[in-house]
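**Student:** 3D model of this:
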Amino acid sequence: MPIRPDHPLLQRIVDDLADVGWSHQTVFLPDDLTRALAQECHKRAQHGLLAPAAIGRGDSQVIREGVRGDQIAWLEGDESSPAIARYLALMDALRLAFNQSLFMGLEDYESHFAMYPPGAFYATHLDRFKDDDRRMVSLVLYLNEAWLPEHGGALRMHLPDGQTRDVLPAGGSLVCFMSGDLPHEVLPATRERMSLTGWFRRRGENVLENVL
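**Tutor:** Next up is the predicted model:
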């Protein structure tokens, strides 16, 4: 049965975002779906469908391993995988929950698999581009089984009060935060690190520029 936008888990995330600007749910996905999504990521890697991630956008995109070392594969919306269909349905329910409770005007969702080889990292950054304000909420869903603190690979969030918060990428857990407000980084890990990373987007303010 599809999850409803008023489900208590989704409402807890909505409340966290409204109160502090971010949320961490240690148990978000069931184990079977987490494993199935991890298998989908590995399948793409085996077929050579993961590519080095770039920074920037459009013609200005460049690959800089000294800034970002993950490999990614975008979900294109025509996925035949039942696991990905379940994942996207869950994200759409969360999008509706944000819109209904916080009136955010979120229109769509973009997402990709991300795989970090051992030792790879992502330097401190914001998820919103300087010339594009459409990304509103960032979401990172982790797919790593039996992750231990000694494996490293934490998501380090730089909070508005000057403190940092480290979140380990344990399988089935979710982190979400306001895309334009929370600088964050990915610390190196001693083992392969997988996630599904995505963004809820609103319509851009420069509407004519987006269509001309």
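
**Student:** does the closest residue to residue 81 other than its chain neighbours count as helix, strand or coil?
**Tutor:** Leaving out its chain neighbours, the residue that sits closest to residue 81 by C-beta to C-beta, 6 or more residues apart in numbering is residue 40, at 5.6 Å. Where you see a C-beta, it was placed from the backbone N, CA and C, and this is true even at glycine. Residue 40 falls in the helix class when you classify it by DSSP: H, G, I helix; E, B strand; the rest coil.

**Student:** ok, now the one 4 residues further on?
**Tutor:** Here residue 44 is recorded as helix under three-state DSSP.

**Student:** do residue 93 as well
**Tutor:** Three-state call for residue 93 (three-state DSSP): helix.

**Student:** Hmm, it is touching residue 2, no?
**Tutor:** Yes: the pair formed by residue 93 and residue 2 meets the contact definition of C-beta atoms under 8 Å, at 6.8 Å.

**Student:** Which one's more surrounded, those two?
**Tutor:** For residue 93 versus residue 2, neighbours defined as other C-beta atoms under 10 Å are more numerous around residue 93 (17 against 9).

**Student:** Please enumerate the strands of this protein.
**Tutor:** If DSSP state E is used as the criterion, the strands of the chain fall at 22-25, 51-52, 71-74, 106-116, 122-125, 135-142, 155-158, 164-167, 174-178, 184-186, 193-202.

**Student:** Now render those strands as CSV, adding mean neighbour count.
**Tutor:** Converted to CSV, those look like this (neighbours: other C-beta atoms under 10 Å):
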stretch, mean neighbour count
strand 22-25, 19
strand 51-52, 12
strand 71-74, 18
strand 106-116, 20
strand 122-125, 14
strand 135-142, 23
strand 155-158, 18
strand 164-167, 15
strand 174-178, 23
strand 184-186, 22
strand 193-202, 23
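
**Student:** Would you tell me which of those gets closest to residue 31?
**Tutor:** When those are ranked by proximity to residue 31, the top entry is strand 135-142, at 12.6 Å, counting by C-beta to C-beta.

**Student:** looking just at contacts, which helices and strands does the closest one meet?
**Tutor:** Judged by 3 or more C-beta pairs under 8 Å, 6 or more residues apart in numbering; DSSP states H and E, strand 135-142 is in contact with helix 82-102, strand 106-116, strand 174-178, strand 193-202.
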